[in-house]
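Chemist: The following block contains a protein sequence and its predicted model.
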Amino acid sequence: EDQVTQSPEALRLQEGESSSLNCSYTVSGLRGLFWYRQDPGKGPEFLFTLYSAGEEKEKERLKATLTKKESFLHITAPKPEDSATYLCAVQAVSTSYDKVIFGPGTSLSVIP
Amino acid sequence: SQTIHQWPATLVQPVGSPLSLECTVEGTSNPNLYWYRQAAGRGLQLLFYSVGIGQISSEVPQNLSASRPQDRQFILSSKKLLLSDSGFYLCAWTFTPRVGYTFGSGTRLTVV
């Protein structure tokens, strides 16, 4: 069964303290892996798509990387405004073309 | 530019009452439309998706239904709500999931 897990469940960082969030996936074939940011009470906001192992994408203080079994979202020198829940999602070859499986998310808090 | 509207923002309904949530997209034609539900601490669960008018695919057997009466309108309905229907409902659109979804602002449904 296609599955997406994320760790840690929650993460508290001091402002400027760099860290990484993990997304592990089990799928028969990967069409794409996605990262979203979700603020409380709002819909998720698309950040990145990664298509193949070794690929990297960057946006401001965020950098996403992909291997054959997992993805990391690296946060460099985070600021309080980076506080949010970060969702990972996977589109698998085995599923309907339009189906994307989301992980439970990592709740990030950046303390000033 | 494309925008997605979803309403209402919050809703409190008694068990056994009907439900109708509406989602509309502006600035694009023939989008793929999706309804997701997000329970606290869990990933987004795909409920329905539609690739065209009158074309609805259901992912989870339940007492909810969806309809797409117009190209840019997607409606989520229930004849009789259950307590387990409580959650955060999100509408989304895309042309292909590989470029990411655009989500609406969500509806917080509480069934009492």
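Modeler: Nice, I can see it.
Chemist: now the strands: where do they sit in chain A?
Modeler: Taking DSSP state E as the test, the strands found in chain A are A:3-7, A:10-14, A:19-26, A:30-38, A:45-50, A:56-59, A:62-66, A:70-75, A:84-92, A:101-102, A:106-111.
Chemist: Would you mind putting those into JSON lines with mean neighbour count alongside?
Modeler: No exception for glycine: its C-beta is placed from N, CA and C like everyone else's. JSON lines is the format used below for those (neighbours: other Cβ atoms under 10 Å in any protein chain shown):
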{"stretch": "strand A:3-7", "mean neighbour count": "17"}
{"stretch": "strand A:10-14", "mean neighbour count": "14"}
{"stretch": "strand A:19-26", "mean neighbour count": "17"}
{"stretch": "strand A:30-38", "mean neighbour count": "22"}
{"stretch": "strand A:45-50", "mean neighbour count": "19"}
{"stretch": "strand A:56-59", "mean neighbour count": "13"}
{"stretch": "strand A:62-66", "mean neighbour count": "20"}
{"stretch": "strand A:70-75", "mean neighbour count": "20"}
{"stretch": "strand A:84-92", "mean neighbour count": "23"}
{"stretch": "strand A:101-102", "mean neighbour count": "21"}
{"stretch": "strand A:106-111", "mean neighbour count": "17"}
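Chemist: For those, give me TSV that also has mean pLDDT and distance to chain B.
Modeler: Listed next are the strands of chain A as TSV, based on pLDDT from 0 to 100; distance: least, Cβ to the nearest Cβ, whole Å:
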stretch	mean pLDDT	distance to chain B
strand A:3-7	94	7
strand A:10-14	98	10
strand A:19-26	96	11
strand A:30-38	94	5
strand A:45-50	95	3
strand A:56-59	96	12
strand A:62-66	98	13
strand A:70-75	98	15
strand A:84-92	94	5
strand A:101-102	91	4
strand A:106-111	97	9
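Chemist: Format these as CSV; extra columns: distance to residue B:23.
Modeler: Listed next are the strands of chain A as CSV, based on distance: least, Cβ to Cβ, whole Å:
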stretch, distance to residue B:23
strand A:3-7, 25
strand A:10-14, 30
strand A:19-26, 27
strand A:30-38, 18
strand A:45-50, 17
strand A:56-59, 27
strand A:62-66, 28
strand A:70-75, 28
strand A:84-92, 19
strand A:101-102, 18
strand A:106-111, 26
